[in-house]
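[1] Show me how the following folds:
(2 chains, ligands or ions: 2)
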Amino acid sequence: MAEVLVYVDHVDGAVRKPTLELLTLARRIGEPVAVHLGAGADTAAATLAEYGAVKVLAADAAEFADYLVVPKVDALEAAYNAVSPAAVLLPSSAEGKEIAARLAVRIGSGIITDAVDLEAGDEGPVATQSVFAASYSTKSRVTKGTPVITVKPNSAAPEAAPAAGTVEQLAVSFGEKSTGTKVVSRTPRESTGRPDLTEAAIVVSGGRGVNGAENFAIVEALADSLGAAVGASRAAVDAGWYPHTNQVGQTGKSVSPQLYIAAGISGAIQHRAGMQTSKTIVAINKDAEAPIFELVDYGVVGDLFEVVPQLTEEVKARKG
Amino acid sequence: MSLRIVVTVKYVPDATGDRHFAEDLTVDRDDVDGLLSELDEYAVEQALQIAEEADDAEITVLTVGPEDAKDALRKALSMGADKAVHVEDDDLHGTDALGTSLVLAKALEHVGYDLVISGMASTDGGMGVVPAMLAERLGVPQVTLLSEVKVEDGKVTGRRDGDSASEQLEAALPAVVSVTDQSGEARYPSFKGIMAAKKKPVQSLDLSDLGIEAEEVGLEGSWTTVDEAAERPARTAGTVVNDEGEGGKKLAEFLAGQKFI
Ligand SMILES: Cc1cc2nc3c(=O)[nH]c(=O)nc-3n(C[C@H](O)[C@H](O)[C@H](O)COP(=O)(O)OP(=O)(O)OC[C@H]3O[C@@H](n4cnc5c(N)ncnc54)[C@H](O)[C@@H]3O)c2cc1C
Ligand SMILES: Nc1ncnc2c1ncn2[C@@H]1O[C@H](COP(=O)(O)O)[C@@H](O)[C@H]1O
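    Ligands and ions are numbered 1, 2, ... in the order given. The predicted structure follows:
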């Protein structure tokens, strides 16, 4: 069976959930071969094997952290040359897309970004995408070269399928062009202890209606009662009430949780672009005419300062 | 020597309009008004600020697109860019990201550049891949997704706010930069700017000027194909209730019914 390269997203060997989804999707097309860059390959290998990686190609070098994007492209290209895969899959993160873009140019292949589903087809893998703020759903294929496809988080439920997961060292050499952009310093984000926005099963977002940074505590309390991640509209981010990393929408994160709760968000097209593929949508807004109500499975027209705390109490009570 | 800044700008269908696919499954550009991609306004803004700081700089705006794309160039010129280059050719219809990056890279080499500034993503296709592709094709550093950018002593520095960390980047010119919508509000064209823009030069180039064969681009040359495009069924109207003191409880009941609690 043809091999499929899967780029591993991890933190020091702790594999992130989108990678497990990629492995699951890769198995529909062929045999997953994971590419692990940086430290922790041996730790990661156990997880990667559990989700179907027949092999783990590993490389560790200071260049991966010290320079932007290109060294990772070099490594993925080396893996591509070693394996001659049927497709290359990467997570649809900002970095994942940039690595994919450069690899596609290098190997002369077509690229599809932000797939929400993937299946085998007679003429190669078929990717489903959600476009124009999710008002259309398309099926696309790469027609030249080896398909390079990035997949959005929460596009598949990870399924275990134990395989060998043998770790092999990948030899990578870096050219002069690989070290063009230096990462001078890096300030890690403080962990909030909440689930990652793009990976979370439930997201609770607040908008301009939250009316102040201090009031986001109400949104956070609901999120915590549900074990959810916290999101924000751009209006709330621009006002300085919540960090930009939590922004949902066209220029923020694109989320696709089981449940999305919007509080004090009107539902502008750019916001919808980032959440419209959520399975269940709930909104609380005091304006019955707000466009967000066109999307909801359940909506409450009311003051979020009344409704949200009541909901939080009720959730806590029911969970005991 | 003057700092040559080239800003890549895209003409896109208005996102607030009713966007559709044409019969050949390319983006229908007839039914919806087009405009300069809002995310490219941020790129023009940063170019203007960098030029203001530099002793001597010249800003060219570059687009690949149909005849109407001149509107996008005009808008950028009215914001303050100095001149414009428009690559237009009937054979470009249906070009995908790889093709677009090829045409832009050839055009950049043709025009000459020290610094390329792009938007973070186009508001229609929204792939956010063209800047990385440009850097790869041109063989120059990629300094992308910056929320802060500065050019000094032949170097570009900037801040990239990633998912897990905020990074400070540095590269030597020439380089390809892209900026996010966190980089600072774009200015509105002034009346004077709009008048001045009418007199600024717009150069037209076609594929033969750039030494690109028709087969390399367009729908035929595309590296990808869309087999199907279906309008998603509108979400079935859900239940909307007025809060009469029990809104939160009703919501909890709904969530419990859906097994979320
Ligand atoms: C290029 C571009 C990119 C963009 N990218 C994004 C993006 O990524 N994400 C994004 O979100 N936006 C984005 N936007 C902005 C977008 O167009 C909207 O301006 C934004 O989403 C509005 O945020 P909001 O819904 O919080 O605010 P508003 O539209 O002002 O809505 C606030 C809502 O809160 C309700 N409200 C007020 N008080 C209460 C209360 N006490 N109780 C209940 N409800 C209340 C009001 O009825 C109203 O509906 C982008 C715009 C552009 C041009
Ligand atoms: N046809 C085009 N003409 C000029 N610039 C473009 C074009 N397409 C994309 N770009 C540039 O590349 C950036 C990212 O686009 P994309 O990869 O399509 O999301 C845009 O913000 C523009 O700066």
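[2] Residue in the stretch 1-150 of chain B with the shortest distance to ligand 1?
    Residue nearest to ligand 1 within the stretch 1-150 of chain B: B:E38 (3.8 Å; C-beta to the nearest ligand atom). Where C-beta positions appear, they are placed from N, C-alpha and C, glycine not excepted.
[3] Show me where the stretch 101-250 of chain B has its strands.
    When assigned using DSSP state E, counting those that start in this stretch, the strands of the stretch 101-250 of chain B occupy the ranges B:115-119, B:142-152, B:155-161, B:165-172, B:175-179, B:202-205, B:224-231, B:239-242.
[4] picking that back up, what sits against the residue of the stretch 1-150 of chain B closest to ligand 1?
    By C-beta atoms under 8 Å, 6 or more residues apart in numbering or on different chains, the contact set of B:E38 is B:T123, B:D181.
[5] and if we set it to 7 Å?
    B:T123 (C-beta atoms under 7 Å, 6 or more residues apart in numbering or on different chains).
[6] per-residue confidence at it?
    Model confidence at B:E38, given as pLDDT, is 95.
[7] so how far is B:Y11 from it?
    Distance, B:E38 to B:Y11, using C-beta to C-beta, to the nearest Å: 12 Å.
[8] again with A:E119
    Counting by C-beta to C-beta - A:E119 and B:Y11 are separated by 34 Å.
[9] For the closest residue to B:L205 other than its chain neighbours, give me its contacts.
    Distance criterion C-beta to C-beta, 6 or more residues apart in numbering or on different chains; nearest residue to B:L205, sequence neighbours excluded, is B:V87 at 4.9 Å. Residues in contact with B:V87 (C-beta under 7 Å, 6+ apart) are B:V64, B:V103, B:A107, B:L205.
[10] Quick check: residues of the stretch 51-200 of chain B near ligand 2?
    B:62-65, B:97, B:100, B:104, B:118-119, B:121-122, B:125-131 (C-beta under 6 Å from any ligand atom).
[11] Buried ones in the strand ranked longest in chain A, by neighbour count?
    If you go by DSSP state E, chain A has its longest strand at strand A:111-119. Residues of strand A:111-119 classed as buried by neighbour count (16 or more other C-beta atoms under 10 Å in any protein chain shown): A:I111, A:I112, A:T113, A:D114, A:A115, A:V116, A:D117, A:L118.
[12] How about the contacts made by the last one?
    Counting by C-beta under 7 Å, 6+ apart, A:L118 makes contact with A:L25, A:R28, A:P125, A:A127, A:I149, A:V151.
[13] And for residue 86, the neighbour number?
    Just going to use chain A. Residues within reach of A:A86, counting by other C-beta atoms under 10 Å in any protein chain shown, total 19.
[14] could you do chain B instead?
    Using other C-beta under 10 Å, B:H86 is surrounded by 22 other residues.
[15] so what pLDDT did the residue of chain A found nearest ligand 2 get?
    Closest approach between chain A and ligand 2, counting by C-beta to the nearest ligand atom: A:A101, at 7.7 Å. Looking at A:A101, its pLDDT is 98.
[16] burial count for it?
    Neighbours around A:A101, by other C-beta under 10 Å: 31.
[17] Let me know whether it touches B:A135 as I believe.
    No: A:A101 sits out of contact with B:A135 when judged by C-beta atoms under 7 Å, with a separation of 9.2 Å.
[18] what's the neighbour count on the residue in the stretch 151-261 of chain B that ligand 1 sits nearest to?
    Nearest residue of the stretch 151-261 of chain B to ligand 1, counting by C-beta to the nearest ligand atom: B:D181, 5.9 Å away. The number of residues packed near B:D181 is 23, by other C-beta under 10 Å.
[19] what about the closest residue to it other than its chain neighbours, which SS state?
    The shortest distance from B:D181 to any non-neighbouring residue, by C-beta to C-beta, 6+ apart, is to A:T251 (4.7 Å). When states are read from DSSP: H, G, I helix; E, B strand; the rest coil, the local structure at A:T251 comes out as coil.
[20] still on that earlier bit, got the strands of the stretch 101-250 of chain B as CSV, with mean pLDDT and mean neighbour count columns?
    Conversion of the strands of the stretch 101-250 of chain B to CSV gives the following (pLDDT from 0 to 100; neighbours: other C-beta atoms under 10 Å in any protein chain shown):
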stretch, mean pLDDT, mean neighbour count
strand B:115-119, 98, 29
strand B:142-152, 98, 22
strand B:155-161, 97, 20
strand B:165-172, 97, 18
strand B:175-179, 98, 29
strand B:202-205, 98, 15
strand B:224-231, 90, 16
strand B:239-242, 96, 13
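[21] okay, those in TSV with distance to B:D30 next?
    What follows is the strands of the stretch 101-250 of chain B, written out as TSV (distance: least, C-beta to C-beta, whole Å):
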stretch	distance to B:D30
strand B:115-119	24
strand B:142-152	33
strand B:155-161	38
strand B:165-172	41
strand B:175-179	29
strand B:202-205	22
strand B:224-231	16
strand B:239-242	36
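[22] Quickly list what whatever residue of chain B ends up closest to ligand 2 is bridged to.
    Residue nearest to ligand 2 within chain B: B:G119 (2.6 Å; C-beta to the nearest ligand atom). On the basis of DSSP bridges, B:G119 is bridged to B:V179.
[23] OK, contacts around it?
    B:S37, B:L39, B:D40, B:Y42, B:A43, B:S178.
[24] and if we set it to 10 Å?
    Counting by C-beta atoms under 10 Å, 6 or more residues apart in numbering or on different chains, B:G119 touches A:251, B:7-10, B:36-44, B:46, B:128, B:130-131, B:178-181, B:183.
[25] mind listing which of those residues are in helices?
    B:E38, B:L39, B:D40, B:E41, B:Y42, B:A43, B:V44, B:Q46, B:V130, B:P131 (DSSP state H).
[26] Now the buried members of those residues.
    By 16+ other C-beta under 10 Å, these give B:E38, B:L39, B:D40, B:E41, B:Y42, B:A43, B:V44, B:Q46, B:V130, B:P131 as buried.
[27] what ranges do the strands span in the stretch 101-250 of chain A?
    So, for the stretch 101-250 of chain A - with DSSP E, counting those that start in this stretch - the strands run A:111-119, A:126-131, A:136-142, A:148-151, A:166-169, A:182-188, A:202-206, A:229-232.
[28] Export those strands as a markdown table, with columns for distance to B:K192 and mean pLDDT.
    Below are these laid out as a markdown table (distance: least, C-beta to C-beta, whole Å; pLDDT from 0 to 100):
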| stretch | distance to B:K192 | mean pLDDT |
| --- | --- | --- |
| strand A:111-119 | 40 | 96 |
| strand A:126-131 | 39 | 92 |
| strand A:136-142 | 41 | 93 |
| strand A:148-151 | 44 | 98 |
| strand A:166-169 | 63 | 98 |
| strand A:182-188 | 40 | 96 |
| strand A:202-206 | 41 | 98 |
| strand A:229-232 | 38 | 98 |
